[in-house]
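In: How does the following fold in three dimensions:
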Amino acid sequence: MLEQILCHTNAKIKQRQLSNNKQSLQYLLKETTIDELLALFGLLHLAGLNRSNRQNLSDLWRTDGTGTLRKNKKEIPPNFITTRRKEVYSTQFAFQKDMMLISYMPKRSKVVLVLSSLHHDQNIDPASGEKRKPEIITFYNSTKAGVDVVDELCATYDVSRNSKRWPMTVFYAVMNVAAIDSVIIFRENNNSKTNRRVFLRKLGLSMLEGHLRVRKNMENLPRGLRKRIHEQVGEKMTYPPNKSAKTYTRCKDCPSAKDKKTRHNCNQCNKPICMQHIIPLCQSCVDLDSE
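Out: Take a look at the predicted model:
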């Protein structure tokens, strides 16, 4: 699956490269790698650990054969939503092709809407007594436990982002369910009771590691950031010796009137500086300063 995502993502990037004539944006349109994709997925899992007030997956259309509906769907007939002039425990039925919709009123101020592709009749469950529940309601109540538990687990550490593209919504849902499955498999294989939050944090960080190992050697990153990356991957950062330039260049910190030339450069920003502006530091002090 990861290879498929990488292939189609890079194909889209190439298409944008050919259609974009602005040279200033070409550096942004670079092909991605599996390490970058894994890092993105890892960040989504880590971000999901700290999220709140996000949309629950139970608010979306369900994909199973029988499921409840929210009353804000415009396709629902108005008389199925209202509670006026209806008796408690009354039921309305509607049929279309291979789908069935019911509106059940369990109490005076509440209406329950259920859509099903598994039921095609108006049978009432006799075991429900005076509540006169339709069989579709009884069936849903007996099978909803697993769905509701998964929805609750997904909402706890939800990786999804607001998007108008349904493929992205489906992809986020797949990531949420895959994270739940991975916790269950890990616990069973290792006979462990690992906390789900701890597991997801380790999972996200492990997905980031490959991309971090690539970025830790980028010299254009600030030294403090590179040091934190080295600490994250469990390596000690090494500092290259300051190489003297082959030619003399004017010191950037001296007034231009002095025209003072030097062959030394700053180790961090690489600007030319003369001996007057150089501050000698030992390795321990450099490490302390970068923290």
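In: Which residue comes closest to the residue nearest to the spatial centre of the chain once chain neighbours are left out?
Out: The centre of the chain sits closest to Leu44, judged by Cα atoms, centre = their mean, with a distance of 2.9 Å. Spatially, and ignoring its direct neighbours in sequence, Leu44 is nearest to Val159 (4.1 Å; Cβ to Cβ, 6 or more residues apart in numbering). Every C-beta, even on glycine, is put in place using the N, C-alpha and C of the backbone.
In: Is the one you found in a helix, a strand, or coil?
Out: Secondary structure, DSSP: H, G, I helix; E, B strand; the rest coil: Val159 is coil.
In: okay, now it: neighbour count?
Out: Residues near Val159, counting by other Cβ atoms under 10 Å, number 25.
In: Make sure it is actually in contact with His45.
Out: Yes. Contact criterion Cβ atoms under 8 Å: Val159 and His45 qualify, at 6.0 Å.
In: picking up where we left off before, so what's the residue nearest to Leu44 up against?
Out: 44-45, 47-48, 172, 175-176, 179 (Cβ atoms under 8 Å, 6 or more residues apart in numbering).
In: Buried among those? Need that as a selection in ChimeraX.
Out: In ChimeraX, this line selects whichever of those come out buried by 16 or more other Cβ atoms under 10 Å:
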select :44,45,48,172,175,176,179
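In: Show me the shaky parts of the stretch 101-250 of the chain.
Out: For the stretch 101-250 of the chain, residues meeting the criterion pLDDT under 70 lie at 239-246.
In: my guess is Leu46 contacts Leu205, does it?
Out: Yes. Between Leu46 and Leu205 there is a contact at 7.4 Å, judged by Cβ under 8 Å.
In: the more surrounded of these two?
Out: Per other Cβ under 10 Å, whichever of Leu46 and Leu205 has more neighbours is Leu46, with 18 against 15.
In: residues touching the more buried one, list them.
Out: Contacts of Leu46 (Cβ under 8 Å, 6+ apart): 200-201, 204-205, 208.
In: Quick check on these: which are buried?
Out: Judged by 16+ other Cβ under 10 Å, buried ones among the contacts of Leu46: 200-201, 204, 208.
In: Show me the two of those residues that sit farthest apart.
Out: Leu200 and Leu208 (12.7 Å; Cβ to Cβ).
In: how much space between Asn162 and Thr169?
Out: Distance of Asn162 to Thr169, computed by Cβ to Cβ, to the nearest Å: 10 Å.
In: now Thr262, nearest residue through space, not along the chain?
Out: Cys274 is the one closest to Thr262 (Cβ to Cβ, 6+ apart), at 4.1 Å.
In: from memory that neighbour sits against Asp253, does it?
Out: Yes. In this structure Cys274 lies within contact range of Asp253 using Cβ under 8 Å: 7.5 Å.
In: Name the residues of stretch 265-281 that are buried.
Out: Neighbour-count burial for stretch 265-281 [16+ other Cβ under 10 Å]: 265, 272-274, 277.
In: May I have that stretch exported as CSV, CA atoms only?
Out: Output of stretch 265-281 as CSV, limited to C-alpha atoms (Å, rounded to 0.1, in the frame of the first residue of the first chain):
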residue,chain,number,x,y,z
ASN,A,265,34.3,31.6,8.5
CYS,A,266,31.7,31.2,11.2
ASN,A,267,31.0,27.5,11.9
GLN,A,268,27.3,28.0,12.0
CYS,A,269,26.3,30.7,9.4
ASN,A,270,29.5,30.4,7.3
LYS,A,271,30.0,34.2,7.1
PRO,A,272,33.6,35.4,6.9
ILE,A,273,34.9,36.8,10.2
CYS,A,274,38.3,38.1,11.3
MET,A,275,40.2,37.0,14.4
GLN,A,276,38.9,40.0,16.3
HIS,A,277,35.4,38.7,16.2
ILE,A,278,36.2,35.0,16.8
ILE,A,279,35.3,33.5,20.2
PRO,A,280,37.1,30.3,21.0
LEU,A,281,34.9,27.6,22.7
